[in-house]
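S.K.: Fold the following, please.
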Amino acid sequence: MGSTFGENAEIVVKKMRGGDKITVEYDPVTLYPFFLHHKLVYFKSCSNKSISSLKRQLRKLVFNFLLTFQIIVNVNGMELKFPHELFIDGKFQPSSSGRTYDTINPSDETVICKVPKADANDVNRAVAAAKTAFEDGEWRKMSARERGKRLYKLADLMEEHKEELATLESLDSGAVYTLALKTHVGMSIDVWRYMAGWCDKIEGSTIPISNARPNYNLTVTKREPIGVVGLITPWNYPLMMLSWKMSACLAAGNTIGKVLAEHPDVRKVGFTGSTEVGAEVMTSCARSNIKKVSLELGGKSPLIIFADCDIDRAVKQTCNAVFFNKGENCIAAGRVFVADSIHDSFLRKLVDETKKYVIGDPLDRSTAHGPQNHKAHLNKLLEYVQKSREGGAKVVLGGERLPRPGLFFPPTILAEVEDDNFAATEESFGPIMCVSRFDDDDIDEVVQRANKTEYGLAAGVFSKDISKVLRVADRLNAGTVFINTYQKTDVAAPFGGFKQSGFGKDLGQEALNEYLQTKTVTIEY
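M.R.: Coordinates of the predicted model:
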């Protein structure tokens, strides 16, 4: 690659004319602004093509350069290098169409990089590669213990580069760096190690059956990988959600691709996202080849605050239950029920606690609340508040976009949310707390109201009366129930919902079952 403008321009001109097949070895991030600054000189050096045509060719050429190499950015006190192409058949490569889309930094709405836009051809390539890897590759054939060693090694590499990974998560999603380091990346590392430990502990069983005399029979079961698995993950925890699913999938001996549900060579799909899209995924899986499916979908998780709770602790935990990761969190407490006798004082304490949140650059260590992930989601939150207000809810705090660069929406509190209000049933997936009253003496009523939703992902209860909270927990229709705490997930504890929050589990031993199938073998002797 040339080191001066003249040399670079000469190489580019030759390439555009079809001559001198070149291999660029230097990262082009510095080349891109170089082209933009000197485009007029470059145009003058070319032949008699129109300026508009040259602009199009130049743009395509530069984008091809950008898609061929790693992006380099200097941020958070470190130089980050990262690929940004499709990963297919063991290597990074552009999409078949050459189309791209922008990945935006929500802190200032600048473009981080351009990412290839995959299409059906790319899906076919990815599935074919994964199928070949499963049928002919070494992953399925290697010993379970060796698979575990590979997963442990991956976790060690992630640990070694956790600061870089956390910075990328923060740049891409707007997550506060300290949270990205501890949760987005930290829990990802933990789950890889947890599943690595399970690799050589996947066992079948021996089953006594009726013997046909004079012969004997021995029946055993084997737990086998399914095959090619498609994983569809959400944007709120990019690395963590992928790790939750991929670690269990690979530990079970499957091969993997982030692919469409319709493909006939995919035998299992794991999906995390909205209930609406999850229903479409399930339909596609049934229509194509009756794939095995696990779905982790939307939620409207109730949090019940009884009057006999530790109020100060409950206030802090309630804020955490709603505002964690800017509210972009599937198990966020979508509705907070507060006992009438403490409602007003509890609400005042909630406002005071929420005002302590420092809003700003997610890479700043003092920041507690960063920008929302993308602009369409921010607009959805603004509409959510407006619709809730029209239904009679009172905006106690926040509710409007902050007047600063970036996609910032403050922690917001809505009070007097009645059961027929839009906010009582619909998930915001943002930092919006919906507070409702309930009669202290009517436990049956508040449980009934808490369960009056099509979702069943999580729930929470705060009270010092352990007998009461355990009885309430038994009656709540949710896959996870927190008592006197919230957001306390662990890689060893199964995670997944009831009703329209989906089925199947991530995390824990149960997650492995989602990626295994049982074979029964009977031997006569």
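
S.K.: Next one: Pro264 relative to Ala133, how far apart?
M.R.: Relative to Ala133, Pro264 is positioned 17 Å away (C-beta to C-beta, to the nearest Å). For glycine as for every other residue, the C-beta is placed from the backbone atoms N, C-alpha and C.

S.K.: Which one of those two is surrounded by more residues?
M.R.: Ala133 (19 against 9; other C-beta atoms under 10 Å).

S.K.: The more buried one touches Leu250, doesn't it?
M.R.: No. Using C-beta atoms under 8 Å, Ala133 is not in contact with Leu250; the gap is 11.1 Å.

S.K.: anything in contact with each of these two?
M.R.: Trp139 (C-beta atoms under 8 Å, 6 or more residues apart in numbering).

S.K.: now the one helix or strand Ser388 maps to, how far from the centre of its chain.
M.R.: Assigned by DSSP states H and E, Ser388 belongs to helix 375-390. For helix 375-390, the separation from the chain centroid amounts to 22 Å (computed by C-alpha atoms, centre = their mean, to the nearest Å).

S.K.: Show me which residues of that helix are buried.
M.R.: For helix 375-390, the neighbour count (16 or more other C-beta atoms under 10 Å) marks His377, Leu378, Leu381, Tyr384, Val385, Ser388, Arg389 as buried.

S.K.: Pipe those residues into CSV and attach distance to Val191 per row.
M.R.: Below are the buried residues of helix 375-390 laid out as CSV (distance: C-beta to C-beta, whole Å):
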residue, distance to Val191
His377, 26
Leu378, 30
Leu381, 29
Tyr384, 32
Val385, 35
Ser388, 36
Arg389, 40
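
S.K.: With distance to Tyr357 and pLDDT as new columns, can the residues you listed be given to me in a markdown table?
M.R.: Formatted as a markdown table, the buried residues of helix 375-390 follow (distance: C-beta to C-beta, whole Å; pLDDT from 0 to 100):
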| residue | distance to Tyr357 | pLDDT |
| --- | --- | --- |
| His377 | 19 | 98 |
| Leu378 | 17 | 98 |
| Leu381 | 16 | 99 |
| Tyr384 | 19 | 98 |
| Val385 | 17 | 98 |
| Ser388 | 20 | 98 |
| Arg389 | 22 | 98 |
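
S.K.: what's the closest of those to Leu516?
M.R.: His377 (35.5 Å; C-beta to C-beta).

S.K.: re earlier: paired strands for the helix or strand just after the helix holding Ser388, with orientation please.
M.R.: Next in sequence after helix 375-390, counting helices and strands by DSSP H and E, comes strand 394-397. Paired strands of strand 394-397, with direction, are strand 412-415 (antiparallel) (DSSP bridges).

S.K.: Following the chain onward from the partner strand, which element is next?
M.R.: Beyond strand 412-415 toward the C-terminal end (DSSP H and E), the next one is helix 422-425.

S.K.: Need the residues that contact that following helix.
M.R.: So helix 422-425 is contacted by 300, 335, 384, 387-388, 391, 393, 414, 417-418, 432, 434, 436, 453 (C-beta under 8 Å, 6+ apart).

S.K.: which among those residues gets closest to Leu507?
M.R.: Among these, and counting by C-beta to C-beta, the member closest to Leu507 is Lys300, at 21.4 Å.

S.K.: and the closest one, how many neighbours?
M.R.: Neighbour tally, Lys300, other C-beta under 10 Å: 26.

S.K.: before we move on, what about Asn215?
M.R.: Neighbourhood size, Asn215 [other C-beta under 10 Å]: 8.

S.K.: Spatially nearest residue to it (excluding sequence neighbours)?
M.R.: Nearest residue to Asn215, sequence neighbours excluded (C-beta to C-beta, 6 or more residues apart in numbering): Glu524, at 5.2 Å.

S.K.: right, and the one you found touches Tyr216 too?
M.R.: Yes. Contact criterion C-beta under 8 Å: Glu524 and Tyr216 qualify, at 7.1 Å.

S.K.: Since that was my last question, I'll sign off now.
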